[in-house]
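Student: Sharing a model prediction with you, sequence too.
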Amino acid sequence: MIHLTDSATRWALALLLCVLAGTCLLIVLAMFRRWQHIRHMRYQHSLRSHYRSILAEALSGTTSAHKIQLLRQLPLPALELLFDPLFSRRRVPEGRLPPLQALCAELGLIKLWQQRLAEGEGMRTRPESPRGASARIPRLSPQLLQRAKGIRNLGVLRHEPSWPLLVRTLDDPHPDIQSVALRALGAIHAPASFPALLRRLHTVVLEKGATPSLQALQAALACFDLTSSPALLASLRHPHRQIRLIATDILRVMAGRNASREPDLLLGPEAISGEITALLVTDLWRDPSAEVRGHAAEVIAFLRDPRGTTVLYELLFDPQWPVRLRTVQALTGSHHATDLLLLGICDRLRDPHAQVREAAIQTLISLGGRGRQQLFEHFLTSSDPLTRQQIVEAVERTGLLGSLIEDYGQGTGGLEALMVEQLAGEAAPLGLSGVLQMLNPPARQRFHERFLRYEHFTIRLREETRWQGGSHTDPQQILDFPPILAT
Amino acid sequence: MNTMRTFLESPVAVFNIIVLSYFLIGNGFYTLLMLLALRANWIHVRRLTYQGLDALRKSALTPPVTIIIPAWNEEAVIGHAVASALQVDYPDLQVIVVDDGSTDRTIDRLVKEFQLVEIDAAYHPTLRTAPLRAFYLNPELPRLLVVSKVRGGKPDALNAGINLCRSPYFCNLDADCLLERDALLRLMDPIVNSTVETVVSSGIVCILNGCATRNGRVVKVGLPSRALERFQVVEYLRNFLCGRTGWHLLGGTLIVSGAFAVFHRATVIEAGGLRHDTVTEDMDLVVSLHRWAADKHRKIRISFTSDPVCWTECPASVTMLAHQRRRWQLGLCQTLWKHSAILFRAKYGVVGCLSFPFHSYVEGLGAAVETLGYLLLPLGFCFGMVSPLVLLVFVLLGFLYGSFLSVGAVLVEELTYRRYPRFRDLLTLLGYAAFENFGYRQMILWFRFQGFLKFLAGSHRWEKASHAGA
């Protein structure tokens, strides 16, 4: 140190001065930026408050030509600033889209955004081979930001005529432009753009390093309606596993969306092409890839084709548990589950995999009376404590226990009554006490009266868990049971 | 005096070289991280304008997520955390609260607030945990499941949550944290849109003290009133906005916040889950994942983004702060020691060759080096080995460089998110950043040194910093 001192001190002193100057510079810069920001916010606020009412009228379709003229007098950057919150926040309500689109077209904004898109073609916006940290920070010039925002706006507006331009934008070297264009294409979902996106999907899967990301492509393709699905045929038949898998998954999302609109209707030839249906029930359900089989099962569950039942039944016994799981889950709430399928789902209550058993229980509950009868029957006859425990859990979690006890209190017999008696007498569900507390007093009273007959009725008391360390509470008080039962 | 001087000269000279290298490596690297973070965050904020969270929210392909909240004696804050988690805007979300054998009224509070009833449930553990005692649920709130278990520590509680979780991803959330409504969507964005398998995605943790909250949501952002908390605001900004972003860019993320991060469930299980042998299970898990991926030749990505925000309560008293920092330092040293096999191993890439050695030297040993530096410089001065000018210049340089980095962090915040909206807040932050190194840093250093000593003593004790429930 002693020898170091002189030169080191000189260096340190110089560094000290630099650091001091740097710190002051950073402080000044921070304050300057805040001042700039405040000024910008004031301008933005005055612009918006001045034109808010005109914009609101225009969006509700009640504005006059004179007021539109006022907007037209604004320079384009100011107009963009004014409209930006409409595009950057939550989705514009469906009803406001046509007037917004008309207004943007009238003010020349759509043309401006399309122009930016076209101008960007062939532009090199990214270095050839970024490495290290620079690869993780995409470059972002003001022009690129404007282009990306323009693409976003066209997507929000669902401006269908822009789709060919957007498809061409997928060749832009900047990943952000590609993903924002994909989202816009998904939002517009112009049927004519679907094959182009599919071609891109094949390229991305087959060519190493091709962009954009598969997930973004898949998400965009899944936005299209089922009417576009015939174009998927080639992908569903493709020898590459990943292409088949993604295509099946896209089909699943399309079919699911269709089914959610009309839950009682199964998909027939008028909704989904016969060729795709045939491919699903003859080939894809036997695909070498378990993932494809699983997704195929989810689509087949939506089909009206009579072969679907047999195929689904077979898939319920697939050697791979994820396929069995997906098949069972696909039948959740299905209004069209046949007796054969019901039998298959019941068999899954004995599945070696806990998740499949759990899904089977939930599916049976969701199937209503028929499914529940099968579930109760299994519970009453099964000696497998694990499955019984899972059934008790599902009965409590879904709130089914409450309705069972209410029915029991009203003197309903059958499997439901036997189920309640077994539940209370042997399995002793913890949820029972909670349900009883929530029941109306007459129903609770009737339940108590009926249970007075059962000598072995026990309730697992909760002192060791919930009441641990707390003051002792009389179990009878907790459960509101007659003394004879609170043992 | 002369004998003493001769006796001390050589060790002091060697030590001074260590201190000098520590100063140059540490501050040089922190400056690099700050510059990288400044650029990356500036660009990231602009990219957010066309990010498309809405598309992610509406997509049927967005993967389900389970928020796991481990809680131990958190009765003051648990209700807000759960309410906040349930309000998160995400298409397919479950919330699991794991009460890790609390001795206070944590469970009672949850039962009362969310009208839960005890239920029977089947438990099929994949990861070994302490036994579970009870399950609670409200059928009207099917997204929430509360579990009570025998105390086994935070990693054990998280492992129990992982066992119960059915979604491909889980998000761990501390019981003293509040999430912003779109935080989870923002956290999942890098996972969904990445071309590389992203197994961890973490966001920024901001200080809740001083903010106004309603029903588990932050409704007004403000600075805390006490100096101790304000210094922590600056510190968090520096650590998250600069440190974490910088390391993410270099591909050497070693630490993700245990308070708020999303993990790929199957990968965590494959890597052995969370372990009990360190007191910072979050860092241990991340390093384990790096090791696991390198050993299995798997290419994974651990992502950090600065826009998903989780608000957390920081210690409001010196005692609580001391507990927290001792634990962090102890955990850091334990983890670095445990995984020391990856040090300078090319197989582990940036993590093994850059990030791990840096953390070991600057963050791990740094507490001891810096503390001893503070002790030895005056000693050298007393024995006439250091001139007053040298002492003054080096001490001032050390202090001012820290201020430079802290002010830089405030500038990054100002150029990007501007979470503290008032001009007065900015001035306050700049002031605290400038003076952070004059007293506060030394206090933190002392706590870290204590943590280091605890590590040397082989301690494994978890020091809990309690929360006031602000």
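Tutor: Cool, the structure landed.
Student: All the strands of chain B, in order from the start?
Tutor: B:65-71, B:93-100, B:117-119, B:132-137, B:144-149, B:169-173, B:177-179, B:197-207, B:212-214, B:217-220, B:260-264, B:300-312 (DSSP state E).
Student: quick one, which of those is nearest to A:Glu94?
Tutor: With C-beta to C-beta, the closest approach to A:Glu94 among the strands of chain B belongs to strand B:93-100: 25.2 Å. From N, CA and C alone the C-beta is placed, and that goes for glycine too.
Student: Any chance you could list what contacts the closest one?
Tutor: B:64-72, B:78, B:82, B:85-86, B:106-107, B:110, B:143-149, B:151-154, B:156-158, B:160-161, B:164-167, B:184 (C-beta atoms under 8 Å, 6 or more residues apart in numbering or on different chains).
Student: thinking again about what came up before, going by mean pLDDT, which of the strands of chain B comes out lowest?
Tutor: Among these, strand B:117-119 carries the lowest mean pLDDT, a mean of 83.
Student: by contact count, what packs against that one?
Tutor: Packing contacts for strand B:117-119, counted by 3 or more C-beta pairs under 8 Å, 6 or more residues apart in numbering or on different chains; DSSP states H and E, involve helix A:385-397, helix A:431-438, strand B:132-137.
Student: Strand B:144-149 and the longest one, what's the angle between them?
Tutor: Compare the direction of helix A:385-397 with that of strand B:144-149 by axes from the mean of the first three to the mean of the last three C-alpha atoms, to 10 degrees and you get 130 degrees.
Student: And whichever helix or strand comes after helix A:385-397, what does it pack against?
Tutor: Downstream of helix A:385-397, the first helix or strand assigned by DSSP states H and E is helix A:400-409. On a contact count with 3+ C-beta pairs under 8 Å, 6+ apart, helix A:400-409 meets helix A:385-397, helix A:414-422, helix A:431-438, helix A:441-451.
Student: quick one: A:Gln422 and chain B, what's the gap?
Tutor: As judged by C-beta to the nearest C-beta, to the nearest Å, A:Gln422 and chain B stand 13 Å apart.
Student: who's in contact with that residue?
Tutor: So A:Gln422 contacts A:Phe379, A:Leu380 (C-beta under 8 Å, 6+ apart).
Student: cutoff 10 Å now
Tutor: Each residue near A:Gln422 by C-beta atoms under 10 Å, 6 or more residues apart in numbering or on different chains is listed here: A:Phe376, A:Phe379, A:Leu380, A:Arg388, A:Val392, A:Ala428.
Student: Pull out the buried residues from these.
Tutor: A:Phe376, A:Phe379, A:Arg388, A:Val392, A:Ala428 (16 or more other C-beta atoms under 10 Å in any protein chain shown).
Student: model confidence over the host helix or strand of A:Val253, on average?
Tutor: Element membership for A:Val253 (DSSP H and E) is helix A:241-261. For helix A:241-261, mean pLDDT rounds to 93.
Student: Return the distance of that helix from the chain's centre.
Tutor: 14 Å (C-alpha atoms, centre = their mean, to the nearest Å).
Student: Could I get the CA-only coordinates of it as CSV?
Tutor: Taking Å, rounded to 0.1, in the frame of the first residue of the first chain, the C-alpha atoms of helix A:241-261 are listed here in CSV:
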residue,chain,number,x,y,z
ARG,A,241,-45.1,-35.4,-35.1
GLN,A,242,-44.9,-31.8,-33.9
ILE,A,243,-46.9,-30.5,-36.9
ARG,A,244,-49.6,-33.1,-36.3
LEU,A,245,-49.6,-32.2,-32.6
ILE,A,246,-49.9,-28.5,-33.1
ALA,A,247,-52.6,-28.9,-35.8
THR,A,248,-54.6,-31.2,-33.5
ASP,A,249,-54.3,-28.7,-30.7
ILE,A,250,-55.4,-25.9,-32.9
LEU,A,251,-58.4,-28.0,-34.0
ARG,A,252,-59.2,-28.7,-30.3
VAL,A,253,-59.3,-25.0,-29.5
MET,A,254,-61.4,-24.2,-32.6
ALA,A,255,-63.9,-27.0,-31.7
GLY,A,256,-64.0,-26.0,-28.1
ARG,A,257,-64.8,-22.5,-28.9
ASN,A,258,-67.5,-23.6,-31.3
ALA,A,259,-68.9,-26.0,-28.7
SER,A,260,-69.0,-23.3,-26.0
ARG,A,261,-71.3,-21.2,-28.1
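Student: and it, which residues are buried?
Tutor: In helix A:241-261, counting by 16+ other C-beta under 10 Å, buried: A:242-256, A:258-259.
Student: so which of these are also by chain B?
Tutor: Counting by C-beta under 10 Å from any C-beta of the partner chain, A:Asp249, A:Ile250, A:Arg252, A:Val253, A:Met254, A:Gly256 from the buried residues of helix A:241-261 sit close to chain B.
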